[in-house]
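In: with the input below, show me the fold.
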Amino acid sequence: MLTREEFARRLEEHRRVESRESRLLALVAVPFGLAQLVMIRWADANLPRGPRLALEGGVFLAYMALVGILIVQMVKRTRAAAPRCPRCRARLEGAEGRAVLVTGRCISCGADIIEQVQEPREPAAPPAPPA
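Out: From the prediction side, this is the model:
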């Protein structure tokens, strides 16, 4: 079992991986998409229809392949970073992870994930004598 702090750290690491991978996808997809538009405008003005369509189609397919590879890579890395239930192996990310932080249990199978810390109780005060 994990402490609440350890589980919160794992959730935060998952969030960082997801954020980093999303930024990488955006930093590649947006500029290449815009460059493709510029290339299409240039091709429309300078190339005859046949070669222009071949160039535009090839560039588009290469762009889609690159974005597809980045998406698959992002999903794999994000899933690998997600904390999992030790019993049912469910990924505990997003709302599920927050629910585990609150309850200490897997929402899929009910397994204890976070060790429950019992705070020491103060001894009860002796009863007051009757008046």
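In: any stretches of this protein with poor pLDDT?
Out: Scanning the chain for pLDDT under 70 picks out the ranges 118-121, 124, 131.
In: dead centre of the chain: give me the residue that sits there.
Out: Taking CA atoms, centre = their mean, the centroid of the chain lies closest to residue 18, which sits 3.7 Å from it.
In: the one helix or strand that one maps to packs against which elements?
Out: If you go by DSSP states H and E, residue 18 is part of helix 4-46. Applying 3 or more CB pairs under 8 Å, 6 or more residues apart in numbering; DSSP states H and E, we find helix 4-46 packed against helix 49-81, helix 95-103. Heads up, the C-betas are built off the backbone N, CA and C, glycines and all.
In: circling back to that earlier point, which ones are touching the residue nearest to the centre of the chain?
Out: 74, 78, 81 (CB atoms under 8 Å, 6 or more residues apart in numbering).
In: okay, now residue 5: neighbour count?
Out: 9 (other CB atoms under 10 Å).
In: sorry, wrong one. I was asking about residue 125.
Out: The burial count for residue 125: 6, using other CB under 10 Å.
In: helix/strand/coil for it?
Out: coil (DSSP: H, G, I helix; E, B strand; the rest coil).
In: from residue 40, how far out is residue 115?
Out: For residue 115, the distance to residue 40 equals 58 Å [CB to CB, to the nearest Å].
In: name the nearest residue to residue 88, sequence neighbours excluded.
Out: Nearest residue to residue 88 in three dimensions, chain neighbours excluded: residue 109, at 4.1 Å (CB to CB, 6 or more residues apart in numbering).
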